[in-house]
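Trainee: Need a 3D model of the sequence below.
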Amino acid sequence: MRTGARFNFGVGVACLIAVAMAAPAGDSQGVAADALAVLETHCVRCHGGEKTKGGLDLVTREALLRGGENGAVVTPGKPGASVLLRSVRHETDAPMPHKEKKLAEVEIAAIVKWVEAGTPYSRPLSRTGGAAAATKPAGEFAISDADRQHWAFQPVKRPTPPVIDGAAAAAVANPIDRFVLAKLREAGLGFSPAASRETLIRRVTFDLIGLPATPVEIDGFVRDESPGAYEALIDRLLASPRYGERWGRHWLDLARYAETDGFEHDAVRPHSWRYRDYVIRSFNADKPYDRFVREQVAGDELWPEDPDAQVATGFNLLGPDMVDSADQVQRRHNTLNDMTDTTAAGVPRADPGVRAVSRPQVRTAGAAGLLPVTGVFHAGGVRTRTADPERGGA
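Mentor: Have a look, this model is predicted:
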């Protein structure tokens, strides 16, 4: 059966899309890494680094919980009762960081989540990290140890499924069920009752191909009592061309797919459909994800004789484009920035286009860190046609 392989590709892309859109909730390791990076950058220099003002040391959790000369500064699990939060929000007579501008809202939010999670420390803070950051020449790019701790840059590990015993074990059909049920049990919950066969085929058909199951298909599945009926249903849906159309749409959204240029002329791009169909074919063919990405970023260089790889590079120029711009140099910069932002946002979890509102570790890359990435795309050509809304684009 091809069920496993096809699910790996579809679910893998779905997960990458989800990751690109938002960081995972409840990720205590990520919450700690974010907050500690903020403290290391803005706070530890005066509270555990060069000095320990007010008797407050932030280097370890034990030191943090001891508080300072005026008592406790955090109440784990209760951001509203924590002096530290009021200080960084500039709601006290001693706003922090001292004699510096207020932290960005995303940085304050990182500390709030950290306090809510119980102020976990994944590591001691560097006593020199804050000082080094403060004396670093403006604009200099460097990757700190805190950056490397960001959850998106950790090696993928295969976890051991939780042990499920007792009567609940009968409801476990695969290892994923073990993880789901373990979390449900922590909340005093269990699995919902099994869906009827009519409900099951409707759900899975909508999920995989985005269309309703026909009455004939529903009736056939309900009557099929063979042990492999469900697996056969999944294989049939995965073999459908509609599968690629359904799941390819998610990638097309990430790739900012459009069939016109945008802006006031909004000229038609008559060949955009070629990229759309390439994505659909890739999903339907179970194309390995690494090949899928490389074809789009540099397929013309890596596989110059492969027509699909040539079409795939349309990914780089799917963004809005004002081809009749009076400032073609600026237009070129806009295009390169769009290519860089889209590639970085769609593949790893490091979105330079939203670095002003992104998580602290990601924002540390800065413009200097993006220049090498942009330089990769700079060698490409640029369209110089004039927009013609009557005839459409070239």
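Trainee: Can you tell me how far residue 34 is from residue 149?
Mentor: 9 Å (C-beta to C-beta, to the nearest Å). Placement of C-beta: from N, CA and C, glycine included.
Trainee: Likewise for residue 161?
Mentor: Here the criterion is C-beta to C-beta. By it, residue 161 lies 26 Å from residue 149.
Trainee: Which one of those two is surrounded by more residues?
Mentor: Legend: neighbour count by other C-beta atoms under 10 Å for residue 161 and residue 149, higher for residue 149 (19 against 15).
Trainee: helices and strands of this protein: which one bottoms out on pLDDT?
Mentor: helix 360-363 (a mean of 39; mean pLDDT, DSSP states H and E).
Trainee: which helices and strands does the helix or strand containing residue 34 pack with?
Mentor: Assigned by DSSP states H and E, residue 34 belongs to helix 28-42. Other elements packing on helix 28-42 under the criterion 3 or more C-beta pairs under 8 Å, 6 or more residues apart in numbering; DSSP states H and E are helix 105-116, helix 129-135, helix 145-148, helix 360-363.
Trainee: How about that helix, which residues are buried there?
Mentor: 30-42 (16 or more other C-beta atoms under 10 Å).
Trainee: swap in stretch 321-341?
Mentor: Those would be 321-324, 331, 334-341, for stretch 321-341 by 16+ other C-beta under 10 Å.
Trainee: pLDDT (mean, whole number) over that stretch?
Mentor: What stretch 321-341 shows for mean pLDDT is 82.
Trainee: from now on call the first residue 6
Mentor: Will do, 6 is the new start, and the previous item becomes stretch 326-346.
Trainee: Any stretches of the stretch 206-355 of the chain with poor pLDDT?
Mentor: Residue ranges of the stretch 206-355 of the chain with pLDDT under 70: 353-355.
Trainee: helix/strand/coil for the residue lying closest to residue 222 once chain neighbours are set aside?
Mentor: Among residues not flanking residue 222 along the chain, residue 206 sits closest, at 6.7 Å (C-beta to C-beta, 6 or more residues apart in numbering). At residue 206 the chain is in helix, as set by DSSP: H, G, I helix; E, B strand; the rest coil.
Trainee: Who are the contact partners of residue 206?
Mentor: Counting by C-beta atoms under 8 Å, 6 or more residues apart in numbering, residue 206 makes contact with 218, 222, 223, 226, 227, 238.
Trainee: just residue 160 next, same as before
Mentor: Per C-beta under 8 Å, 6+ apart, neighbours of residue 160: none.
Trainee: Pretty sure residue 101 sits against residue 91.
Mentor: No: the criterion here is C-beta atoms under 8 Å, and residue 101 misses it with residue 91 at 9.5 Å.
Trainee: How far does stretch 77-85 stretch from one end to the other?
Mentor: 13 Å (C-alpha to C-alpha, to the nearest Å).
Trainee: hang on, the earlier thing: neighbour count winner among residue 101 and residue 91?
Mentor: residue 101 (23 against 17).
Trainee: what's the distance between the residue of the chain most remote from its centre and residue 172?
Mentor: Most distant from the centre of the chain: residue 228, at 42.0 Å, with distances by C-alpha atoms, centre = their mean. Using C-beta to C-beta, residue 228 is found at 30 Å from residue 172.
Trainee: now residue 346
Mentor: Counting by C-beta to C-beta, the gap from residue 346 to residue 172 is 51 Å.
Trainee: Repeat that for residue 345.
Mentor: Residue 345 is 54 Å from residue 172, by C-beta to C-beta.
Trainee: On the three-state scheme, residue 340 is what?
Mentor: helix.
Trainee: so how far is residue 302 from it?
Mentor: 15 Å.
Trainee: Could you do residue 156 as well?
Mentor: For residue 156 relative to residue 302 (C-beta to C-beta), the value is 24 Å.
Trainee: hang on, the earlier thing: mind saving the C-alpha coords of the helix holding residue 39 as PDB?
Mentor: Written as PDB, here are the backbone C-alpha positions of helix 33-47 (Å, rounded to 0.1, in the frame of the first residue of the first chain):
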ATOM      1  CA  SER A  33       7.600  25.000  27.100                       C
ATOM      2  CA  GLN A  34      11.100  24.600  25.700                       C
ATOM      3  CA  GLY A  35      10.400  27.200  23.100                       C
ATOM      4  CA  VAL A  36       8.700  29.500  25.600                       C
ATOM      5  CA  ALA A  37      11.800  29.300  27.900                       C
ATOM      6  CA  ALA A  38      14.200  29.900  25.000                       C
ATOM      7  CA  ASP A  39      12.200  33.000  23.900                       C
ATOM      8  CA  ALA A  40      12.100  34.600  27.300                       C
ATOM      9  CA  LEU A  41      15.600  33.800  28.300                       C
ATOM     10  CA  ALA A  42      16.900  35.400  25.100                       C
ATOM     11  CA  VAL A  43      15.000  38.600  26.000                       C
ATOM     12  CA  LEU A  44      16.500  38.500  29.600                       C
ATOM     13  CA  GLU A  45      19.900  37.800  28.300                       C
ATOM     14  CA  THR A  46      19.800  40.600  25.700                       C
ATOM     15  CA  HIS A  47      18.300  43.300  27.900                       C
END
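Trainee: Now do the buried residues in whichever helix or strand comes after it.
Mentor: Next along the chain after helix 33-47, taking DSSP H and E as the criterion, comes helix 66-71. By neighbour count on 16+ other C-beta under 10 Å, the buried set for helix 66-71 is 66, 68, 69.
Trainee: Also stretch 101-120?
Mentor: 101-102, 108, 111-120.
Trainee: Show residues contacting it.
Mentor: The contact list for stretch 101-120 (C-beta under 8 Å, 6+ apart) reads 36-37, 39-44, 47-48, 51, 58, 79-84, 87, 89-90, 92-95, 100, 125, 361-365, 368.
Trainee: In a markdown table: the buried residues of stretch 326-346, plus distance to residue 176.
Mentor: Listed next are these as a markdown table, based on distance: C-beta to C-beta, whole Å:
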| residue | distance to residue 176 |
| --- | --- |
| 326 | 53 |
| 327 | 57 |
| 328 | 58 |
| 329 | 62 |
| 336 | 58 |
| 339 | 54 |
| 340 | 53 |
| 341 | 53 |
| 342 | 50 |
| 343 | 48 |
| 344 | 48 |
| 345 | 47 |
| 346 | 44 |
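Trainee: Fine by me, thanks again.
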